[in-house]
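**Student:** The sequence isn't on hand, but the structure is:
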């Protein structure tokens, strides 16, 4: 048992700031939160926090760990005047250059950096067409090594090898879900990683592929994780080839439910939004990625029932992502204030709850002890009513002091429990090899 003594407890939903309290952690769960609890648990280990801010863990709800070795990329990338060109010239070449070693190091590096930025959980979306079978377990090993909770899936697609590739992607999703179920039942390894049934985007998955995905959802009990309407081309393609709106088409295969994650959704129709809301699914908003790809702004963001925040592969600094989400919304003339963006950040905890079957996101007994700890000294009053303003205009990843996942420190007092320098050194070598391989691909 561990007691975090003398913390400033901070909770986004419902908003809470409470100074001078203790948090009692028993195994993977919060046992009690209150004042002067050390005498009640005399055998517990006590860690003096000196007023540090302790909050439920931060979740990145859409990421691409396979992009971890792309930073500062020096491969020969052709000019890319539109979104499809960016995919073809950069990302679809990079994912084809990934092998087992590259997948492992990209996943491990991204896990470490997510933790250092204050994340306790990341929901990943993976692609490596020349290394499909076993790729998700390779990523899982990186999550577990780093001590990061999360989810991952393989993005089913027909873009390289048609039906054969779609079948391989669905099979990898099913096999990984079955592996998770087996490991969970055996209790032989930590239950830190869950799964979705993944797909790239509706414009690269035929109806045959959606049918296979529907069978996988039914067989595994998982939900889908897919990009939709990130660019207008996805919408046009759906109308041209299927005479349906995008979510309408997915729903016709039984793929929209409460575990559904749809990333981006910039150009979804009102009918599509109504379908997603009616099935209680999630939209994941990725403000910086949308800006980087020049695809536009989601003008209908306020119409979605459930919105979470992700980065779409631009790191995992979610405090920065929240700022971009809020500032871009205001720049577009939107009516929302920081509390709405903060709630969207917190919503990642609800996604975890639906998939892990546990409680997340509150400093209450019985919730998972996934915690983000910050060195944050405010020059103004720091209370529940202005909490969101402090997040949007004050806090940043530089404030992150420690991260706890499943009741254990993955990052404590700004240090990892193992030497990370050799990992980064090896990752640099692997990244250079991946870039060289990209230049050999058409």
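**Tutor:** Yep, that arrived. Since the model is a prediction, treat every value here as computed from it, not as a measurement. Numbers count the residues shown, from 1 in each chain.

**Student:** domain assignment for this protein?
**Tutor:** Domain assignment for the chain by automatic domain parsing gives 2-57+361-411, 58-356.

**Student:** Report the mean per-residue pLDDT for the first one.
**Tutor:** Domain 2-57+361-411 carries an average pLDDT of 98.

**Student:** hmm, who's touching stretch 402-415?
**Tutor:** The contact list for stretch 402-415, computed with C-beta atoms under 8 Å, 6 or more residues apart in numbering, reads 2, 25-29, 57, 115-116, 118-121, 146-149, 190, 192, 368-373, 400-401, 416-417. Heads up, the C-betas are built off the backbone N, CA and C, glycines and all.

**Student:** Of those, select the buried ones using a ChimeraX command.
**Tutor:** Buried residues within those, by 16 or more other C-beta atoms under 10 Å, are selected in ChimeraX with:
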select :2,25,26,28,29,57,115,116,118,119,120,121,146,147,148,149,190,192,368,369,370,371,372,373,400,401,416
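
**Student:** Distance to residue 431 added to the domains of the chain, as JSON lines?
**Tutor:** Listed next are the domains of the chain as JSON lines, based on distance: least, C-beta to C-beta, whole Å:
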{"stretch": "domain 2-57+361-411", "distance to residue 431": "22"}
{"stretch": "domain 58-356", "distance to residue 431": "4"}
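
**Student:** which one of those domains lies closest to residue 437?
**Tutor:** Smallest distance to residue 437 across those (C-beta to C-beta): 4.0 Å, for domain 58-356.

**Student:** And the helices in the stretch 201-350 of the chain?
**Tutor:** Applying DSSP state H, counting those that start in this stretch to the stretch 201-350 of the chain gives helices spanning 207-220, 232-242, 246-252, 270-278, 287-292, 318-331, 338-346, 348-356.

**Student:** So which of the contacts of stretch 402-415 are in strands?
**Tutor:** 2, 25-26, 29, 119-121, 149, 371-373, 400-401 (DSSP state E).

**Student:** picking up where we left off before, between the domains of the chain, which one is nearest to residue 427?
**Tutor:** Proximity to residue 427, assessed across the domains of the chain by C-beta to C-beta, is greatest for domain 58-356 (4.5 Å).

**Student:** what about that closest one, how long is it end to end?
**Tutor:** Terminal residues of domain 58-356 lie 16 Å apart, using C-alpha to C-alpha, to the nearest Å.

**Student:** try stretch 347-361
**Tutor:** Start to finish, the residues bounding stretch 347-361 are 8 Å apart (C-alpha to C-alpha).

**Student:** what's the most buried one of the domains of the chain?
**Tutor:** Across the domains of the chain, averaging neighbours per residue (mean count of other C-beta atoms under 10 Å) puts domain 58-356 on top, at a mean of 21.

**Student:** Quick one: distance of that domain to the chain centre.
**Tutor:** Chain-centre distance of domain 58-356: 8 Å, with C-alpha atoms, centre = their mean, to the nearest Å.

**Student:** and whichever strand or helix holds residue 167, what does it pack onto?
**Tutor:** Assigned by DSSP states H and E, residue 167 belongs to helix 162-186. When contacts are defined as 3 or more C-beta pairs under 8 Å, 6 or more residues apart in numbering; DSSP states H and E, helix 162-186 packs onto helix 135-146, strand 193-195, strand 197-199, helix 207-220.

**Student:** Repeat the analysis, applying 10 Å as the threshold.
**Tutor:** Judged by 3 or more C-beta pairs under 10 Å, 6 or more residues apart in numbering; DSSP states H and E, helix 162-186 is in contact with helix 135-146, strand 149-152, strand 193-195, strand 197-199, helix 207-220.

**Student:** Select, out of those, the one closest to residue 87.
**Tutor:** With C-beta to C-beta as the measure, strand 197-199 is the member of these nearest residue 87 (14.5 Å).

**Student:** what pLDDT, on average, does that closest one get?
**Tutor:** Strand 197-199 shows a mean pLDDT of 98.

**Student:** Residue 295 and residue 83, how far apart?
**Tutor:** 6 Å (C-beta to C-beta, to the nearest Å).

**Student:** Spell out which residues are contacts of both of these two.
**Tutor:** The contact sets of residue 295 and residue 83 overlap at 230-233 (C-beta atoms under 10 Å, 6 or more residues apart in numbering).

**Student:** where does this protein have low pLDDT?
**Tutor:** Applying pLDDT under 70 to the chain flags no residue at all.

**Student:** tell me the contacts of residue 349?
**Tutor:** Shown in contact with residue 349 (C-beta under 10 Å, 6+ apart): 12-13, 56-59, 61, 120-121, 308, 359-362, 367-368, 370.
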